[in-house]
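[1] Got a predicted structure here, sequence first:
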Amino acid sequence: MQPEKKLFTFEEIKQKLANYCVYQDRCHAEVEQKMREFVLIPEAKDEILLFLMKENYLNEERFTRSYIRGKFYIKSWGKTKIKMHLKQKGINDRLISTCFDEIDEEDYQKTLHRIYDNYSSKLSGLQNYQKKSKTIKYLLSRGFEYESILQIIEN
């Protein structure tokens, strides 16, 4: 049995969703997920989404840029992993590609190099090919491109 959904007026729901968007940049999918907590007819959902976009609470490009900056500069994710997660949130490829200018290419290479150095220094007692294999697998899991990883390993 599902828990009882709380009932709010239309204006209260609109304000709650505006506050939800003010706290942190959100994408459409996250806002729609949040709306499921409330009892709303489809017309009301559409009206709230239009209000949030018109008042600039909900902006897909701003969300994408913020997400890319956060995941790269704070979590040190590579472009592949960031792109995959954005796609899961329903962001289209063209928008993702245009927003990747948020990551400075020099910073990207430095971060990849730093993670490579940290990880490979922890691997001891292994053959060279094992170290290389484990390092490549680790960096791929962090979302870095195979070609970039090979360039770092070769140098």
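    The structure has been received and is ready for your questions.

[2] give me every residue that touches Ile115.
    Residues in contact with Ile115 (C-beta atoms under 8 Å, 6 or more residues apart in numbering) are 76, 139, 142, 144. All C-beta atoms are positioned from the backbone trio N, CA, C, and that covers glycine.

[3] The first one and Arg142, how far apart?
    The one in question is Ser76. Between Ser76 and Arg142 the computed distance is 7 Å (C-beta to C-beta, to the nearest Å).

[4] Who has more neighbours out of these two?
    For Ser76 and Arg142, the more surrounded residue by other C-beta atoms under 10 Å is Arg142, and the numbers stand at 18 against 14.

[5] That one contacts Phe72, correct?
    No. Look at Arg142 against Phe72 with C-beta atoms under 8 Å: they stay out of range, at 10.7 Å.

[6] could you pull out the helices for this structure?
    10-23, 28-35, 42-54, 60-73, 79-88, 93-99, 105-122, 128-141, 146-154 (DSSP state H).

[7] Turn the contacts of Ile115 into JSON lines, columns for distance to Tyr20 and pLDDT.
    Formatted as JSON lines, these follow (distance: C-beta to C-beta, whole Å; pLDDT from 0 to 100):
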{"residue": "Ser76", "distance to Tyr20": "27", "pLDDT": "94"}
{"residue": "Leu139", "distance to Tyr20": "35", "pLDDT": "95"}
{"residue": "Arg142", "distance to Tyr20": "30", "pLDDT": "94"}
{"residue": "Phe144", "distance to Tyr20": "33", "pLDDT": "95"}
